[in-house]
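Q: quick one: sequence plus predicted model below, questions after.
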Amino acid sequence: MTSKLFLLRVLLICLRFSPILAAKDMLASIIKPGTFRHIMCRNNVYPRSNVTRFSVPDDLVFWNVSYESYCPNCYTAPHIGGQIWADPPIPDEAKWNQNDGVINRVSFHGEYKIQNGLPQNPIGRTGLCGRGLLGRWGPNHAADPIVTRWKRDDNGEVVRHKNSDKSILQMVAIQRSDNKMWAIPGGMVDPGENVSVTLKREFTEEALNFDDKGNMVEEFFKQNGEHVYSGYVDDFRNTDNAWMETTALNFHDDDGSKVGQLQLEAGDDATNVRWTDISGDLKLHANHADIVGEVVSKRNAHW
C-alpha cells in the first residue's frame, strides 16, 4: 500500500468514526478571521432588494489580499432610517470596539479595523458596503438558544440510530419567514439587555407564542445553559461594514419532562416550528448546523 493510499484510508476511518469532527473543524475555523471564507453573504443579490453584490472570489475574500478593482455598491434598507434600534446613517458618535452599557460594539474576534470612518468586517469582503438590513454598524449581536431533548419511542425509551447506535438528539427549530430556512430560534440582543434574557425571550416568542407555561419556562432557562459558541455568523445580511455575531447556549431537557412536553407554536418572525432530529444531513440557516454540531459532540449523540 502506497503512503498516499494509507493516508486516505486513515482519513476515511477518522471520518467514519468521528463524523462530527468536520463540523467542529468548521466551527474552529470560523472563530479565526483570515481562515474562514463566508459564503452566504457573497456573489448574490442582496435580500429584499435588487442590489447586486460585487463579485468576491474565494481567493480575494481577505482584506490583506489586494483587489484593486473592488468597488462594491453601498446599500442600507430604506426602512432602517429613524428606527430606535438602528444607528444613524453617519455614526459620528459611535464608540468602536467598546461596550458603553447600551450598545455593544465589541466583536468576539477582537479589535476590528476602522476604514473611512466605518468598521470593517473582520472575516473579509462581502461585495456590499453599508448596513443592508442590519441596524448597527459593526457587530450586530444576537443570542441563540439551542433547546434539545432525546428522541423517544411510544414507550418513552430513548431512540438510538441504527447505524451509529448513538442516541438521537432533537432540537427546537423554527422556519424563518425571510428565507424559509430552518434555524435556531434566536434573535437580536436589545440595547443594554443581558444575553440570558434574550435567550428566554426569543425562544418564547418564536417557538411557544404563549405564556401560560411561563413559570416552567422561566425555571428551565434559569438553569445554566451550556455555552456552545460565541462569534461570527455567516448570515446572508452581512456587509463590509455590518455583520452578525451570536452567543449560542444549549439548554437540554434530559428526561423530556419540561419544555420537551410543551406544544410548540410558531410566533414572531417564524412561519413554522418543530422538534427536529439532529443529524449530519440537517440543513440550517447560516452556519447554525456547525453550531448544532458542537452540541452533538458535547452530548455524544448521533450525527
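A: Nice, thanks for sending it over.

Q: give the bridge partners for A142, please.
A: Legend: beta-bridge partners of A142 under DSSP bridges are M188, T246.

Q: what's the pLDDT at it?
A: On the pLDDT scale, A142 is placed at 95.

Q: just G187 next, same as before
A: The model's pLDDT for G187 equals 89.

Q: what about it, distance to V147?
A: G187 is 14 Å from V147, where distance means C-beta to C-beta, to the nearest Å. C-beta: built from backbone N, CA, C; applies to glycine.

Q: the more surrounded of the two?
A: Ranked by neighbour count (other C-beta atoms under 10 Å), G187 and V147 place V147 first, with 27 against 20.

Q: tell me the bridge partners for the residue lying closest to that one once chain neighbours are set aside.
A: Excluding the flanking residues, the one nearest V147 by C-beta to C-beta, 6 or more residues apart in numbering is V172, at 4.5 Å. Assessed by DSSP bridges, V172 has beta-bridge partners W275.

Q: how much space separates V172 from D190?
A: From V172 across to D190, the span is 21 Å (C-beta to C-beta).

Q: in terms of neighbours, single out the busier of those two.
A: Taking other C-beta under 10 Å, V172 and D190 do not tie; V172 has more neighbours (25 against 13).

Q: got a list of what the more buried one touches?
A: The contact partners of V172, by C-beta atoms under 8 Å, 6 or more residues apart in numbering, come to 147-148, 185, 203, 207, 259, 264, 273-276.

Q: pLDDT wise, what is it at?
A: V172 is assigned 92 on the pLDDT scale.

Q: which one of the contacts of V172 sits closest to V228?
A: Using C-beta to C-beta, T148 is the member of the contacts of V172 that lies nearest V228, at 10.7 Å.

Q: export the one helix or strand the closest one maps to to CSV, keeping only CA atoms.
A: T148 is located in strand 138-150, with elements delineated by DSSP states H and E. C-alpha atoms of strand 138-150 as CSV (Å, rounded to 0.1, in the frame of the first residue of the first chain):
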residue,chain,number,x,y,z
GLY,A,138,-20.1,46.8,13.1
PRO,A,139,-21.2,43.7,15.0
ASN,A,140,-24.9,43.1,15.5
HIS,A,141,-25.2,40.9,18.5
ALA,A,142,-27.8,38.0,18.6
ALA,A,143,-28.4,35.2,21.0
ASP,A,144,-29.4,31.6,20.0
PRO,A,145,-30.9,29.1,22.5
ILE,A,146,-30.3,25.5,21.3
VAL,A,147,-33.1,23.7,23.2
THR,A,148,-32.7,19.9,23.0
ARG,A,149,-34.2,16.6,24.2
TRP,A,150,-33.6,13.0,23.4
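
Q: which elements pack onto that strand?
A: Using 3 or more C-beta pairs under 8 Å, 6 or more residues apart in numbering; DSSP states H and E, the elements in contact with strand 138-150 are strand 169-176, strand 187-188, helix 195-203, strand 242-253, helix 288-299.
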